[in-house]
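*Asks:* Sharing a model that was predicted from the sequence below.
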Amino acid sequence: MAFCKVFGKLRASNIRPDDGPTESLPTHTPALFAAALERAAEILRAGELAALPTETVYGLAANALDARAVARIFAAKGRPAHNPIIVHVSDTAMARRCAAQWPDAAEQLAAAFWPGPLTLVVLRTEEIPDAVTAGGGTVGIRWPGHPFIQAVIRACGFPLAAPSANLSNEISPTNAEHVQKSLGGKIPLIVDGGQSQVGIESTVVDVTRRPARVLRPGMIHLESLVAVLGEDEVFDGNPSDFTTGSSSEPLRSPGLLLRHYAPKARLIVFGWDNDRELDAKLANSPFPREQTHVIAHTRIPSAGGFGRVSVIPHDAEAFARALYAELHRCDEEGAQLIVAEAVPDAAEWRAVADRLARAAA
């Protein structure tokens, strides 16, 4: 079944000039939700961009079936053309219409985890533009769990291409203010749907192969995937096998660039047992102590002099939910160096470790 491609027309007076302010709409009452929904759908039907809340991070959305609209995403973000974009759908039926094949693994994982923070990589249909997939033959598809973006997709009747709503390679936004600081003036609309409740990007699983392969870790862990598919039907791939560089094969997933999710400040990640060891590891740092910020979860520095010491609970879900907000705060307060306490080598921490490693690259 083909999609009905809706490219509604807005009056010229309704489209934000290139150098004009970005409209921001709240959603915290039913009336405001409805007004923001109507406006977002209007803009997206016209082939323009809107930053929308999801449960993972805020996404910069465009009609996934409109190559010109997708090109606006790349222009606004400064995103490299070889980095594919995830397509967001409103149900499994829409997902199937984006896929040339829908394997049993896709059906099982979708039934278990959708709507939610899981992206499935499948063979694409011809209706998905090359720009979305970086010219590759596969596409990542997700049914997000946030009620606002669900409502927008249903209202539009087409899937949305929606990478994180920030400049390329910078910290992903987890609230509307983060989006405004990164893309304000570059896009027509930001919808404020509150703080993202997952806080990092989705788990990505390639189901075009058997066994399926985890391309990007997220808060749906390997153990949960194995519980659905079986121990021999999914494995945790080594990101270095398909990250960048030597292979001419297009990337199958976003989030595989060596440097990603990065603050403006230099970020380093290591562990310490006490203040003395932390001080010793920073003894030769070229950065002033007062412009060095620390993010800790277990070994909390007691010595003064740091620009900021942030404490996130020693819990993987809480850490993921708070991490990007802490990195944004460090940048806003003028940090030159961010020291993040290394996280445990455990399955539930793998996604957080991945984001920290790429931000520190």
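*Replies:* Great, that's in hand. Numbering: from 1, shown residues only.
*Asks:* how much space between R299 and E332?
*Replies:* According to CB to CB, to the nearest Å, R299 and E332 sit 25 Å apart. To be clear about C-beta, it is placed using only N, CA and C from the backbone, and glycine gets the same treatment.
*Asks:* Neighbour count: the two, which is higher?
*Replies:* R299 (16 against 13; other CB atoms under 10 Å).
*Asks:* Would you enumerate the residues in contact with the residue nearest to the more buried one when sequence neighbours are not counted?
*Replies:* Spatial nearest neighbour of R299, excluding adjacent residues (CB to CB, 6 or more residues apart in numbering): W272 at 5.6 Å. The neighbourhood of W272, defined by CB atoms under 8 Å, 6 or more residues apart in numbering, consists of L278, K281, R299, E341.
*Asks:* likewise G255?
*Replies:* The contact partners of G255, by CB under 8 Å, 6+ apart, come to E201, V204, L215, R216, R358.
*Asks:* same thing with K77?
*Replies:* Counted by CB under 8 Å, 6+ apart, K77 has contacts L60, P163, N166, L167, S168, L183.
*Asks:* Tell me the one among those residues nearest to P115.
*Replies:* For these, the residue nearest P115 by CB to CB is P163; the value is 18.4 Å.
*Asks:* pLDDT score for the closest one?
*Replies:* What the model reports as pLDDT for P163 is 97.
*Asks:* and it, what does it touch?
*Replies:* By CB under 8 Å, 6+ apart, the neighbours of P163 are G59, L60, I73, K77, R79, N83, I85, I86, P254.
*Asks:* W143 versus the third one, what's the distance?
*Replies:* In this structure, I73 and W143 are separated by 20 Å, where distance is defined by CB to CB.
*Asks:* circling back to that earlier point, which members of the contacts of P163 occur in helices, if any?
*Replies:* I73, K77 (DSSP state H).
*Asks:* now, the most widely separated pair of the contacts of P163?
*Replies:* Across these, no pair lies farther apart than G59 and N83, at 14.4 Å, counting by CB to CB.
*Asks:* out of these two, which sits in the more crowded spot?
*Replies:* G59 (30 against 21).
*Asks:* ok, the closest residue to that one other than its chain neighbours - how many residues close by?
*Replies:* Computed as CB to CB, 6+ apart, the closest residue to G59 that is not its neighbour in sequence is A162, at 3.3 Å. Per other CB under 10 Å, the neighbour tally for A162 reads 28.
*Asks:* Since that was my last question, I'll sign off now.
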